[in-house]
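Chemist: Build me a model:
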Amino acid sequence: MSTSSSSASKPQPKLPLKQIPGDYGQPFFGAIKDRYDFFYNQGRDKFFKARIQKYNSTVFRTNMPPGPFIASNPKVVTVLDAISFPILFDNSKVEKRDIFDGTYMPSTDFTGGYRICSFLDPSEPKHTSLKKFFLSLLSANHKNVIPLFHTHFTDLFVQAEAQLLKDGKSADFNTLNDKTSFDFIFELFFGKHPSDTDLGSKGSTLVTLWLLPQLTPQITLGLPKFFNVFEDFLLHTFPFPALFVKPAYNKVYKAFYESAAKALDEAESNFGISRDEACHNLVFLVCFNAYGGMKLLFPSLLKWVGLAGEDLHRKLRDEIREAVKEAGGKITLAALEKMTLTKSVVYEALRIDPSVPFQYGKAKEDLIIESHDAAFEIKKGEVIFGYQTIATRDGKIFKNPEEFIGDRFVGEGEKLLKYVWWSNGPETVSPSAEDKQCAGKDLVVLMNRMMLVEFFLRYDTFTLDVGTFLLGSKVTFKTLTPASS
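Modeler: Prediction:
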């Protein structure tokens with residue numbers, strides 16, 4: 001099924017042209033009502049599913065949080081199917097300027113006064129320079145991923161086992177993962193452990209402290225309903241000043257500046273980026289994009305694999321151990337490529353539970369987009385919003401879309417990878433300096449595959465409790481069964 005029609009502008013649509021359903025309600029109050037529906041009355045998924053049912057359309061108008069007083073204009077056109085969604089990747093049709101976080105943009109005081117690459121449109125010259133710098137840095141460090149991942153996450157599993165032995169009941173994966181992920185990604189990029197800098201053992205804590213104020217307009221704490229009004233006022237009504245987390249950020253920045261001398265030299269000499277701007281961008285890339293993603297991705301992956309049960313665990317461990325055995329007992333890129341089920345499981349986790357579910361773009365011109373059933377006109381300047389968690393569960397593309405099916409992308413199923421968009425682009429496309437696709441797309445897939453490989457080389461199976469915490473899943477190990485062979 002082709003998605004090219006989603007980005008056609010002036011040609012006559014093949015489907016009937018319909019008015020976009022939905023509305024924004026009364027000024028100010030309509031945005032508040034939608035915000036309460038999104039966070040409290042309905043919840044995120046039901047918010048969108050209820051409107052799909054109400055309008056009998058996957059394209060409709062609504063307000064997106066946070067609204068007043070953080071976002072001056074919360075109005076969006078929502079696209080929630082596999083045909084209309086890809087318009088958000090067509091940078092000739094949509095603008096990505098200052099829209100990374102949605103209808104609001106955190107103050108540049110959080111990032112040293114700079115508009116970071118994530119907030120730049122590809123048409124801006126600085127975007128190309130920064131993206132090329134990132135891609136170069138990732139390429140230079142790619143060979144170190146497998147050995148460093150093994151070292152850091154072996155230590156995580158040892159700690160988890162110790163917690164289970166001591167407690168006898170549970171081990172908190174998320175807490176262990178936060179510190180391990182930060183330590184790993186810092187050493188991967190800069191060649192030293194953060195404990196060897198002024199960050200000591202507190203790097204992940206300081207980074208999380210800096211991240212939270214930027215993300216509070218998107219989260220709910222899950223408090224009892226009695227506290228909804230108080231929480232909404234505190235988190236979603238006024239932006240948090242960067243002043244509160246500036247000491248934490250400055251400490252992180254200093255550690256990066258001192259540890260990234262080689263990378264900063266390259267940014268300055270090869271890409272024409274000042275050391276200060278390059279360093280602030282590195283902090284954002286490593287801490288917000290990479291570490292922030294790992295905080296969400298690994299718990300999600302283990303959640304879905306854990307809930308899938310022992311049959312999938314058996315198939316994964318058999319495939320992984322056989323491939324590693326054939327490689328002489330070593331984890332190599334060649335061995336990883338032979339693990340077709342392992343790859344499919346990673347893609348399925350990224351499909352069903354993408355770590356960055358929201359995508360935004362502003363129409364550069366009057367557009368005609370198409371869903372499965374109709375065509376719609378979007379006017380220049382309107383903000384287009386996509387909720388990937390629903391779009392990648394499109395029942396007209398995926399069979400049993402709400403189910404986690406580990407081998408979905410094995411064999412002929414690989415053809416469906418063009419509908420997996422977790423990286424802000426199709427899985428079948430590689431990122432470039434001229435687009436907004438995640439620069440670390442291949443690294444993320446590799447790390448997730450490494451997580452499964454390291455896990456099932458060490459364990460036969462496991463059980464877990466699953467919950468939610470802020471923007472992601474919370475995973476608690478109940479049992480970890482050591483490998484029997």
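
Chemist: and L333, how many residues sit next to it?
Modeler: 12 (other CB atoms under 10 Å). Where C-beta positions appear, they are placed from N, C-alpha and C, glycine not excepted.

Chemist: my guess is it meets P147, correct?
Modeler: No - here L333 lies out of contact with P147, judged by CB atoms under 8 Å, at a distance of 12.0 Å.

Chemist: For S204, give me its contacts.
Modeler: D178, K179, S181, F182, D183, Y291 (CB atoms under 8 Å, 6 or more residues apart in numbering).

Chemist: make it 6 Å
Modeler: D178, K179, F182 (CB atoms under 6 Å, 6 or more residues apart in numbering).

Chemist: out of those, which is most surrounded?
Modeler: Neighbour counts for the contacts of S204, by other CB under 10 Å, peak at F182, which reaches 26 neighbours.

Chemist: Out of the contacts of S204, which comes closest to L416?
Modeler: Set against L416, the nearest of those by CB to CB is D178 (32.3 Å).

Chemist: is it true that that closest one lies in a strand?
Modeler: No - judged by DSSP: H, G, I helix; E, B strand; the rest coil, D178 forms no part of a strand; its state is helix.

Chemist: wait, what's in contact with it?
Modeler: Counting by CB under 6 Å, 6+ apart, D178 has contacts S204, K295.

Chemist: Kindly provide the distance from it to I83.
Modeler: Using CB to CB, to the nearest Å, one gets 38 Å for the distance from D178 to I83.

Chemist: hang on, the earlier thing: now the contacts of S204 as JSON lines including distance to P247 and pLDDT?
Modeler: Output for these, formatted as JSON lines (distance: CB to CB, whole Å; pLDDT from 0 to 100):
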{"residue": "D178", "distance to P247": "20", "pLDDT": "96"}
{"residue": "K179", "distance to P247": "20", "pLDDT": "96"}
{"residue": "F182", "distance to P247": "18", "pLDDT": "97"}
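
Chemist: can you redo these as JSON lines with distance to E124?
Modeler: Output for the contacts of S204, formatted as JSON lines (distance: CB to CB, whole Å):
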{"residue": "D178", "distance to E124": "33"}
{"residue": "K179", "distance to E124": "36"}
{"residue": "F182", "distance to E124": "30"}
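
Chemist: so which of the residues you listed comes closest to L301?
Modeler: D178 (15.2 Å).

Chemist: how much space is there between that closest one and T208?
Modeler: Taking CB to CB, one finds D178 at 7 Å from T208.

Chemist: Check P241 too.
Modeler: 18 Å.

Chemist: more crowded one of the two?
Modeler: T208 (17 against 12).

Chemist: per-residue pLDDT, the more buried one?
Modeler: Looking at T208, its pLDDT stands at 95.

Chemist: and it, which of the three is it?
Modeler: helix.

Chemist: In contact with it: list those residues for me.
Modeler: With contact set as CB under 6 Å, 6+ apart, T208 has no partners.
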